[in-house]
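Enquirer: whatever this is, show me its structure:
(one chain, ligands or ions: 1)
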Amino acid sequence: MKDTSLSAPSWITSLAKYKASKPIEEVAAELGFKPEEIVMLGVNENPLGMSEKVRDKIAKAALSLNRYPDADACYLQKALATKYKVPQDWVVVTSGSSELLGLAAQSMLSEGKNAIFPQYSFSLYPMVTQLCGATAKEVPATEDFNADLDAMLDAIDENTRLIFLTNPNNPTGTFLSEKQIVDFLEKVPPEVMVLFDEAYAEFLEDDLRPDTVEIVKRFPNVLTARTFSKAYGLAGCRVGYGISRPEVLDIINRVRHPFNLNDLSQLAAMTALEDQEFLQKTLDNNQKQRSLLAERFSQWGLPYMGLHANFVTVKVGDGKDVAERLKKKGIMVRDLNSYSLPDWIRVTVGTEEQNKKFLSELKNILEERGALN
Ligand SMILES: *Cc1c(COP(=O)(O)O)cnc(C)c1O
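Expert: Numbers count the residues shown, from 1 in each chain. Next up is the predicted model:
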């Protein structure tokens, strides 16, 4: 904390700022590359870019931004309600799903209360919890890096108000089946909200993907969160959404700022929903390239974790060193030191060309380190 006479609450002053990666232009300048030469596999963005239909639509709309946007994004809300076959008031649209995680915390938590989440989960969960003055309770994962649902049930106490559960999980790529989820929810007390973070749900095979809309219908304490940042390629637009019962969203909507989504983002997301062709291309590329990465890792004897999202988490030895060396070659991946997985890196599944470049540099680096024979 810098010195100041202002007196913020202790739970704010003890909080560390979220560490995001630098803009790609900045990274490129530092390394002596052009921005387009950087192979960006660090933050799980869409390697195919964005839908051209979205680009055309928002380019036109950018010419008139003098009016306030629709405060509730009701056209997008309606489009999502139609997609998921729920009434419109079962949907809330937010500025990325990150905003929704924060809104859930603000709605449910205060000093003395706590939120529970598994080890190896998204760094925003403890952050939004602590922001409310509440306690973040991390529950150790299973040996295979998945959420330990029994241990999470055991961790619930009379002050627990919120549980975060990610499926498939970032950064491990592990996955929970519909049966595991339902069995868990049956045992969670009804006054505890379960926030289901499904940022990567689109990447699951259709027959593996839990029917979370059915789950929301059945369990009135569940809020499921999704995003346009990953499969839809709109991370820069900041659009996420939640599906839950109107009683739950009534609480969320009291906390949400009106006008939380600008005009261009609303339009981009609506157009992206209509462009199923781009989505399919994204999913096809992901599935094919993800298998190829895994195949190569197997050949090299490198352990990797669950192949259920748009990234692969692979054990390379010293993750920080390997990520640093890749960065010098213009390839950005995520080391997982902050998740206490120092031997691993997380690499976003890229295009064929990007992955080839990544694999070839990784091979050199591992050979230099004497980690490949
Ligand atoms: C990327 C990600 C999100 C979504 O972030 P947005 O705010 O929608 O861009 C949410 N949860 C997890 C676990 C993620 O990895």
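
Enquirer: state the pLDDT value of the residue of the stretch 51-200 of the chain found nearest the ligand.
Expert: Per Cβ to the nearest ligand atom, G96 is where the stretch 51-200 of the chain lies closest to the ligand, at 2.6 Å. C-beta coordinates here come from the backbone N, C-alpha and C atoms, glycine included. pLDDT recorded at G96 is 97.

Enquirer: for it, the count of nearby residues, please.
Expert: 23 (other Cβ atoms under 10 Å).

Enquirer: quick check: it touching A225?
Expert: No: proximity of G96 to A225 does not meet the contact threshold set by Cβ atoms under 8 Å, at 9.7 Å.

Enquirer: what do the two both touch?
Expert: G240 (Cβ atoms under 8 Å, 6 or more residues apart in numbering).

Enquirer: and the stretch 1-150 of the chain, which residues reach the ligand?
Expert: Counting by Cβ under 6 Å from any ligand atom, the residues of the stretch 1-150 of the chain close to the ligand are N44, G96, S97, S98, F122.

Enquirer: just among the residues you listed, which is most surrounded?
Expert: Busiest of these [other Cβ under 10 Å] is S97, holding 26 neighbours.

Enquirer: where do the strands sit along the stretch 201-350 of the chain?
Expert: Secondary structure of the stretch 201-350 of the chain (DSSP state E, counting those that start in this stretch): strands at 222-227, 240-243, 311-315, 331-332, 334-336, 341-348.

Enquirer: and these as TSV, adding mean neighbour count?
Expert: Compiled in TSV, the strands of the stretch 201-350 of the chain are given as follows (neighbours: other Cβ atoms under 10 Å):
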stretch	mean neighbour count
strand 222-227	25
strand 240-243	25
strand 311-315	25
strand 331-332	22
strand 334-336	22
strand 341-348	23
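
Enquirer: list the buried residues in stretch 159-166.
Expert: T160, R161, L162, I163, F164, L165, T166 (16 or more other Cβ atoms under 10 Å).

Enquirer: which of the residues of the stretch 1-150 of the chain next to the ligand fall in helices?
Expert: G96, S97, S98 (DSSP state H).

Enquirer: what about the first one, distance to L307?
Expert: To L307, G96 is 25 Å away according to Cβ to Cβ, to the nearest Å.

Enquirer: nearest to G319 among the residues of the stretch 1-150 of the chain next to the ligand?
Expert: N44 (16.4 Å; Cβ to Cβ).

Enquirer: who's in contact with the spatially closest residue to the closest one that is not a sequence neighbour?
Expert: Sequence neighbours aside, T348 is the residue nearest to N44 in space, at 4.8 Å (criterion: Cβ to Cβ, 6 or more residues apart in numbering). Going by Cβ under 8 Å, 6+ apart, T348 touches M40, L41, G42, V43, N44, E45, P47, N310, F311, V333.

Enquirer: among the residues you listed, who's most crowded?
Expert: F311 (31 neighbours).

Enquirer: what's opposite that residue in the beta bridge?
Expert: T348 (DSSP bridges).

Enquirer: go on, V194?
Expert: Bridge pairing for V194 - DSSP bridges - gives I163, V222.

Enquirer: ok, it - contacts?
Expert: L162, I163, L165, L185, V188, F219, N221, V222, L223 are the contacts of V194 under Cβ under 8 Å, 6+ apart.

Enquirer: isn't the first one up against L109?
Expert: In other words, L162. Yes: assessed by Cβ under 8 Å, L162 is found in contact with L109 at 6.0 Å.

Enquirer: which neighbours do those two share?
Expert: Joint contacts of L162 and L109 (Cβ under 8 Å, 6+ apart) are A115, T129.

Enquirer: separation between the residue in the stretch 251-373 of the chain positioned nearest to the ligand and V128?
Expert: The minimum distance from the stretch 251-373 of the chain to the ligand, using Cβ to the nearest ligand atom, falls at A309 (8.3 Å). Counting by Cβ to Cβ, the separation of A309 from V128 is 21 Å.
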